[in-house]
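J.: Test case, fold it:
(2 chains)
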Amino acid sequence: MSRQGEPIEAIFQRLHHGPGHEESFRILFNRFYWPLFRFFEHRGFSTEECQDLIQETFLRVYRGIKAFRGEARWEHWLFRIAANTASKAVRHHAAARRAGREVPLEGEEVVDAPPAAAGGSPRGAEAPAPLRQLLGKEMREILTQAIAGLPAQMRRCVRLRVFQDLDYDEIAEILQISPSTVKVQLFKARKRLQMELGNSFEDFDL
Amino acid sequence: MDEKRTDLRAALRELAAEEAAEIGPHAGLKRLIAYRRDSLSVAEREALQEHLSLCPKCAERLLELRDFEAASAQGNAAGPESFRQEAWESLAWRLPWKVSAIRPIAGAARREVARRRPHLAYGATAALLLAVVGLAVWTAVTAQQARQRLARLEQRLEEREEALAAARRSLAEAERQLTTARRHIQDLEKRPEQTAGRMAALETRVAELTSALEELRRTPQAPQGRDRLVVASQIEVSVAPRFALRGQEDSESGFLRGGGAVNHVRIPPQADRFTVALSLADDPVYGEYRLELMDRDGQVLWTGRRPGKALLGDAGTSVSIDGLRPGPYRLRIEGLHPDRTELLAEYVLAVEHQEIR
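T.: Numbers count the residues shown, from 1 in each chain, chains lettered A, B, ... in the order given. Predicted coordinates:
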């Protein structure tokens, strides 16, 4: 399609005012079909469910497009609609089917439930209960002080690395810093923790 | 010393999990998007980063948002076109514009009836007519949609069939290669036996030749029969020294053949002088060689001595005998040591007249 590469703003202009309403909507659909498909697929939906959810998302887009004035970026607006569509679908599906999956069971906007109550980490986070058996009171105190003593960014890097099992690139994306900075921060954290906790802990590989 | 063994990573996870239980509600997409757009205040940004470090779910959402942005920026990600086509067909069917051609007509008919009440009958008729027309249009649209959907499904079916055929072809090729590989393996499994059989045959042959060699060494004399020539064992086994008979047109007789083989020597009919040019094919191992030409009865017709180096290569010697007639002869070659004489070879020569063309 010749208009496939045109700016989103131009497509929206035509959707709001110009002729070729259906064609513009088709271009929009074509352009964002696969990003949406990957998004729903990543949330654990089957191919058929992805197809349905994409349709549902674009139906919502169609209904709400008149109200969209471009305050937000189009992609972000679409992403929110897609995320809410996914949440709604989860609510309406049998909970058992995705009991083990990382799909939110909270409301359309992820605002209310605390993380621990909502199912914990998708990757490396562990439930608190068995961990309490690992650390004694004194050890916990020593560790808490050592972690609290780290600079904020360094501490966050450590948590994202150890608690959430993220790689350097992902940590960099989340903290909006470069991967090399993440690497340096973790290296320094390792040295500091080893110096402070070397008598009480082992395996300082971060 | 037990505490020394506490694993730091496990302890950090434990601590973070405890902290995560107390961090409050999730960030929400609006905040995450604002964070991505860099539109939060410094304090909000710090707070959100702290939350993200302890909240796997919000961190995951943020990475999802990042992935979605990246995928959107890249344009159309690769995937089966039929998926997208099918989704669009279904969506287009559900979008309002598909029925917009009908609804206004029905609405207009109702308004017309209300406005022109005296002509209710006409209005009702018109409304009914319009409804029928609308129904017909709707049916036509439905049929068209169904046809399009059917065409899409057929296209998908065709794509799947092609993919299936390609997979079958790949499978057939893989099976063929597997069969070939199995055959090779079987061949390889058989080969040791073949090799062993060949080795056994060769060993038997070597034993036979060794035995014959020993026999010949015990009886190094001339053969018993007329046409049979017993050749010195050294010639047979080591193939050295070999003597070449030059001047022969037949390439096969470029070398004198031993073992009782007849070496044909052709001379012109009027010739009464025959020259045999002899040269060693290998380096001489004896200082001097003695050459003897005998007739079929063993009578020496000619004898002579030649130094070993004189027999080498093209500079070999020649034996000239006058009055030589067609018939069988034997050429004996001996190597001369200071203390002994060793028979090296006896060759059978069949002297024949050359045909005149």
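J.: what's the distance between the closest residue to chain A within chain B and A:Thr144?
T.: Of all residues in chain B, B:Glu14 sits closest to chain A, at 3.1 Å by Cβ to the nearest Cβ. For glycine as for every other residue, the C-beta is placed from the backbone atoms N, C-alpha and C. B:Glu14 is 11 Å from A:Thr144, where distance means Cβ to Cβ, to the nearest Å.
J.: out of the two, which sits in the more crowded spot?
T.: Using other Cβ atoms under 10 Å in any protein chain shown as the criterion, B:Glu14 and A:Thr144 rank with B:Glu14 on top: 25 against 14.
J.: Distance of the more buried one relative to A:Gly136?
T.: From B:Glu14 to A:Gly136 the distance is 11 Å (Cβ to Cβ).
J.: CA atoms of stretch A:183-193 as CSV?
T.: Provided in CSV are the C-alpha atoms of stretch A:183-193 (Å, rounded to 0.1, in the frame of the first residue of the first chain):
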residue,chain,number,x,y,z
LYS,A,183,27.4,-2.9,34.3
VAL,A,184,29.6,-0.4,36.2
GLN,A,185,27.0,0.1,38.9
LEU,A,186,26.7,-3.7,39.5
PHE,A,187,30.4,-4.1,39.5
LYS,A,188,30.8,-1.3,42.1
ALA,A,189,27.9,-2.8,44.2
ARG,A,190,29.6,-6.1,44.2
LYS,A,191,32.8,-4.7,45.4
ARG,A,192,31.1,-2.7,48.2
LEU,A,193,29.0,-5.5,49.3
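J.: Would you tell me which helix is longest in the chain?
T.: Since you didn't name a chain, this refers to chain A. In chain A, taking DSSP state H as the definition, the longest helix is helix A:21-42.
J.: You answered for a different chain; I wanted chain B.
T.: Counting by DSSP H, the longest helix found in chain B is helix B:120-218.
J.: Now do that one: which elements does it pack against?
T.: Counting contacts by 3 or more Cβ pairs under 8 Å, 6 or more residues apart in numbering or on different chains; DSSP states H and E, helix B:120-218 is packed against helix B:81-94, helix B:103-115, helix B:233-238.
J.: hey, which helix or strand in chain B has the poorest pLDDT?
T.: helix B:233-238 (a mean of 24; mean pLDDT, DSSP states H and E).
J.: Chain A: helices as residue ranges?
T.: Counting by DSSP H, the helices of chain A are A:8-16, A:21-42, A:47-64, A:74-92, A:128-132, A:137-148, A:152-158, A:168-175, A:179-197.
J.: can you redo those helices as TSV with mean pLDDT?
T.: Below are the helices of chain A laid out as TSV (pLDDT from 0 to 100):
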stretch	mean pLDDT
helix A:8-16	77
helix A:21-42	88
helix A:47-64	90
helix A:74-92	90
helix A:128-132	49
helix A:137-148	86
helix A:152-158	94
helix A:168-175	95
helix A:179-197	91
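J.: So which bits of the longest helix of chain A are buried?
T.: Buried residues in helix A:21-42, counting neighbours by 16 or more other Cβ atoms under 10 Å in any protein chain shown, are found at A:24-40, A:42.
J.: what subset of those is also close to chain B?
T.: Near chain B, taking Cβ under 8 Å from any Cβ of the partner chain as the test, the members of the buried residues of helix A:21-42 found are A:25-26, A:29-35, A:37-39, A:42.
J.: returning to that earlier point: could you give the average pLDDT over the longest helix of chain B?
T.: For helix B:120-218, mean pLDDT is 76.
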